[in-house]
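1. need a structure here:
(chains A, B and C)
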Amino acid sequence: MTTLEHQVGSHPIPNPQKSLITKLHMGTGLVIGAIFAFGTYYWLRSGQDMTVARNVNKVLLISMFMWSFGFMLGIGAFIGPFRWLIGKDLTAEEQLFLAGEGQGVSRYFRYCTDHKVVGIQYLVGVMAMLGVGGTLAMMIRTNLISPGSKFVTPVIYNSLVGLHGITMIVAMIVVSTGPFGNFILPIMIGARDMAFPRLNALSWWVLFTAIPVLCSAWFLGGIPTGWTAYAPLSVQAGPGMNAFVATIIIFAISTAVAGANITATVVTMRAKGMKWNRVPIFVIGATMSVALAIPAFPTFMVSMIMTALDRTAGTTYFDANFGGSGWLYAHLFWIMGHPEVYVILLPGVAILMEVAPVFVRKPLFSYTAAILGFAGIAGLSVLVWAHHMYMSGWLPMLNGPFMVTTEMISVPTGLIFLVILGTLWRGKPWMKLPMLSVYAFLWNMLIGGVTGVYLSDVPADNYLHGSMYVTAHFHYTLMGAALTGAIAGLVYWFPKMTGRMLNERAGYISFWFTQIGFQILFLGMFIAGAEGQPRRVADYAAVYRNSDRISTMGAYLIGTGMITLLWAVVHSWRKGAIAPMNPWGAKTLEWTVPFPVPLENFDEAPIITSDPYGYGRSEK
Amino acid sequence: MTTTTSTRNNKSAIGGLIFVLLGVIVVSTVGVVLHTLSADPQKKLYATVSGTMSTPQGVLPHAFIEEGVYPDSVLSKSHGANGGSHPGWPSYGPATHLVLPAHSYVTMTLTVYDSGEKLNHAYFGKVVGTVDGTMTIDGTQVSALPADGVQHTFTLHGLPTSTQDPLFVNVPLPKMTDDQMKVYDDKGTLPVGHKVVFSFITGGKGEYVWNCEYPCGDGTYAKFGAVMGQLGYMSGKVSVA
Amino acid sequence: MSSHDHEVEEVLPPTPGDRVITFLKRKDVVQSFVLGIFFTLVFVILGRDFYPKWMPTIMSTDMKANEALMVAFTYISAPVCGVVLGIATYTFLNRHTGDTPPEDGPAIRTNTPVVVVWGIVSSLMALLAIIWGLVELNVGSEAAASEARTAMVVEVTGSQWVWTFKYPAQGIETHELNLPIDQPVIFDVISSDVNHSFWPVQLGVKVDANRLQTTVVHTTPTKLGAIDVKCAELCGLYHAYMETTGQIMTAADFNNWVTAQGGHVA
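-> Numbers count the residues shown, from 1 in each chain, chains lettered A, B, ... in the order given. Down below sits the predicted model:
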């Protein structure tokens, strides 16, 4: 691959003053997006009977898509494709400008193709989303602090539940592969950038346009459906539901683009000598995750398009009165939904596997088992979706087969445990924050996994399905395991991404607040579920008072812990101790480049001769 | 370690505490805003007690409460400019949060003005939970209405919980004829409505909800969207105090 | 180095038995083993007590099977928890703190017998869980088949946001679910609008209510007392209030109740 500098020749800082590209940024995107959105809204509104729900849905949906399109136009995403249409391309100077060369902080607000900039954009965006989702969680728990609570109305409570869910799911899908998959992963494999740098910028900014759309749900009356958006309730729902539908469709585009990009990068751009058995395990996990997302998300997108059509065009995909079926929605949703939880989990686990050898100073135990574990999970995860539908009444005779596939997932999951335990075995783990996260993961994933086995079993699910027990179970896996992994990644790569060390004391305080609060919250929720409290209820009978109160206290502890983490990040980013090039003594490639990482990462293309886990004294 | 480092550490610890405090304030502000938005948009409607009534449960205070059911929330007088009046949505009025005395014989009078089509579920055409299982429509005693003779229902229920007595009332409200509704459609003035009277006995203190079981969310799935998904029109609270 | 290697070669290799004994005497192995036993016991006790303590009264054959299964699964998973937590805790106790990395540990890249045994054991445990679940499923459907002729039918309708129950043989329809004890019952569940999920909590069964699509679930109540009926599928505004109660009654009480409701004894 020819470098950009080479093409430009001897001009170190380009000066493409005349190009339109230099004049576009987030601000122009916001302005043009807003003009498109409101212009479309008022234009379509006139001449429509806006008391008819179907017309409202139509106008709102189109306006939301026009916002997204207008923003992308305004930020300059289509300049390149447009040049291709007329048989040209961006000039080398323009490309260098897009890569953010010599622009300082302003490049974070542009359509920047540098994977490191995109990584930081994702990091900040994800933290904002987690902050919003977490705040909503606090509100949910506050309402449940006692039976008969009048903190919020059922309308607002249902919206809290749904928007907490979808905000967190969207954030968690990109929480590892967004920041670290973009910033770190290309350096880890010795690449100069991603395979498709412009698509990389596209994936982030498209995701960015989904955030205001999702937030608009609050101003349109909220959503009553939870994040699963089951039809026909979603067809019945008010105008806020359009925001949900549009968000998912926009988000699915973003994940498809990001997934294709990361996969292509890893397949084609690994450094010389980096055979498949020398690829760092995080790269394997992240790639499997995004590759799994590529087939999974289109079904979600399709289900949302069908919901949109039912809501606007009068189709009856999900209306049993006209031959449709709610089960159709449930299938489409869970065919995405179950692979999706592993899309979230795999990169988090992979980060912890990457971290463990560094801090134990031992090789990763059985690289093959790790890959078999990932591949087994990814493979089986597409065959288990109907375990969410045991109690739906849909073809009970298939409950048996789906129970078999679901419980088989415990075997590759067991391999993941083996790899981490084997890496710890006979080591002296260096108890830095990322290592503590490994231990937190082992406990949380154990609880999440074991409770998952109950839920996968049809007779037990007879009782537990749809109860708080399920909520507690998946929070143990998604938050306790995947988010813990992502936070470990943040602490671990913080020096490389920001040039500074994360404040350790604040990190420890945050860790213990979060993890202890987490155990309290979800222990209470397991009990509430066992007692028979359904999930997503705005109010409950007095018998669940104690368990719910315990849960709420735990939630406040988590909240405190997370705010502390945010402070640690903000403070350390500005004033933290300057990090050495390789503070943890790790052997992966990202630690061989200085901070700030040069535009094309490596002065000289690295050549790989072994995997990055060559720790340890040889055994006698 | 030098003093400067520890001073810096202390300074940053104070900064951290302030930051966490700010975070708590931000989250609490969100809570306050949501709580404010959740405030009852309605004034409460209190039942008035007048005299006593002898019942199988003994002599109880006799409480009276009156509501109207309007084809348009603009007419129900319960949804002023700030209360979320929505043209075209039917509504109870003048309030949707009813406050009833505990251990009382409650007589409720509903004056109803709307048209109707057909219930989603015929069960809600039955009178349930009232004294004798009946109501009177313009003075005539009735115990059920046909599924297609209903305009709305008053269906009172609640969370079964050890801390309050169960209370379930379902009263179907007779629809106006098309001729009667034509007056409203043409001139915008309400026809003479039906007067529905029924009585039920409250237990101890408790919080219940009521909603309409007639599908009045036109243009949505099962006609249970739009107005049916919002509080303060065809649904509300009942506090037995 | 090379001379040292020579010496090692000249010593007779230890027999497998010796190697196992040396392995078992190692400090780390003993530590992990003791910790593992401790955690296994903790989870066994948890399994024995957690569900029986917190789950509501067992009032049907299905609820009994559900709870027994959850307790049994906890017993099965206890050794797994023991192994994971035992090893994790032992390494945690041997941790290294400070600002410099510890010395490198032994370069164990893999251990094929361990991986193979781990894989086989976890597969067998998954198999056990699968077989157990399938047997339970089969017991359930056999019971359904044998009870079908004698069962009482209750038609359950979920409406936003009230449950109603029709007893076709008795000719009554109510908003409370009363059932005679020891009488197999079949619930034909349907919705008049969006999806709901019919959940008579103490009876330990559950099935979604769909528009125009009857779903079926059956059980036999085995204990007198009050039951709760809840909706376990988010169904909009008053989902939380879509609950009602009922009683498991003696046959005589049930018949009296039916008559009082204006029905006829079937």
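
2. Please count neighbours and contacts with C-alpha atoms only from this point.
-> Will do.

3. List of residues touching the one helix or strand in chain B whose mean pLDDT sits lowest?
-> Lowest by mean pLDDT, DSSP states H and E among the helices and strands of chain B is helix B:178-187, with a mean of 82. For helix B:178-187, contacts defined as Cα atoms under 8 Å, 6 or more residues apart in numbering or on different chains pick out B:114-115, B:189-191.

4. Stretch A:574-582 now?
-> Stretch A:574-582 is contacted from outside by A:495-496, A:499-503, A:591-595, using Cα under 8 Å, 6+ apart.

5. rewinding a little: need the CA coordinates for the least confident helix or strand of chain B. PDB is fine.
-> Extracted C-alpha coordinates of helix B:178-187, given in PDB (Å, rounded to 0.1, in the frame of the first residue of the first chain):
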ATOM      1  CA  ASP B 178     -76.400   7.800  15.100                       C
ATOM      2  CA  ASP B 179     -79.300  10.300  14.900                       C
ATOM      3  CA  GLN B 180     -78.400  11.700  18.300                       C
ATOM      4  CA  MET B 181     -74.800  12.000  17.300                       C
ATOM      5  CA  LYS B 182     -75.700  13.800  14.100                       C
ATOM      6  CA  VAL B 183     -76.800  16.800  16.200                       C
ATOM      7  CA  TYR B 184     -73.300  16.900  17.700                       C
ATOM      8  CA  ASP B 185     -71.500  16.400  14.400                       C
ATOM      9  CA  ASP B 186     -73.500  19.100  12.700                       C
ATOM     10  CA  LYS B 187     -73.800  21.700  15.300                       C
END
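
6. right, and the helix or strand after it?
-> Counting by DSSP states H and E, the element after helix B:178-187 in chain order, helix or strand, is strand B:194-201.

7. ok, residues contacting that following strand?
-> B:103-113, B:129-131, B:134-139, B:169, B:173-174, B:176.

8. Tell me the buried residues in the helix ranked longest in chain B?
-> Longest helix in chain B by number of residues, with DSSP state H as the criterion: helix B:3-37. For helix B:3-37, burial by neighbour count (16 or more other Cα atoms under 10 Å in any protein chain shown) applies to B:12, B:16, B:19-20, B:23-24, B:27, B:30-31, B:34-35.

9. I'd like those residues written out as JSON lines, with pLDDT and distance to chain C added.
-> Formatted as JSON lines, these follow (pLDDT from 0 to 100; distance: Cα to the nearest Cα, whole Å):
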{"residue": "B:Ser12", "pLDDT": "80", "distance to chain C": "20"}
{"residue": "B:Gly16", "pLDDT": "89", "distance to chain C": "23"}
{"residue": "B:Phe19", "pLDDT": "92", "distance to chain C": "27"}
{"residue": "B:Val20", "pLDDT": "92", "distance to chain C": "27"}
{"residue": "B:Gly23", "pLDDT": "94", "distance to chain C": "31"}
{"residue": "B:Val24", "pLDDT": "94", "distance to chain C": "29"}
{"residue": "B:Val27", "pLDDT": "94", "distance to chain C": "25"}
{"residue": "B:Val30", "pLDDT": "94", "distance to chain C": "22"}
{"residue": "B:Gly31", "pLDDT": "94", "distance to chain C": "20"}
{"residue": "B:Leu34", "pLDDT": "91", "distance to chain C": "17"}
{"residue": "B:His35", "pLDDT": "90", "distance to chain C": "17"}
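
10. So which of those reach chain A?
-> Applying Cα under 8 Å from any Cα of the partner chain to the buried residues of helix B:3-37, one finds that B:16, B:19-20, B:23-24, B:27, B:30-31, B:34-35 fall near chain A.
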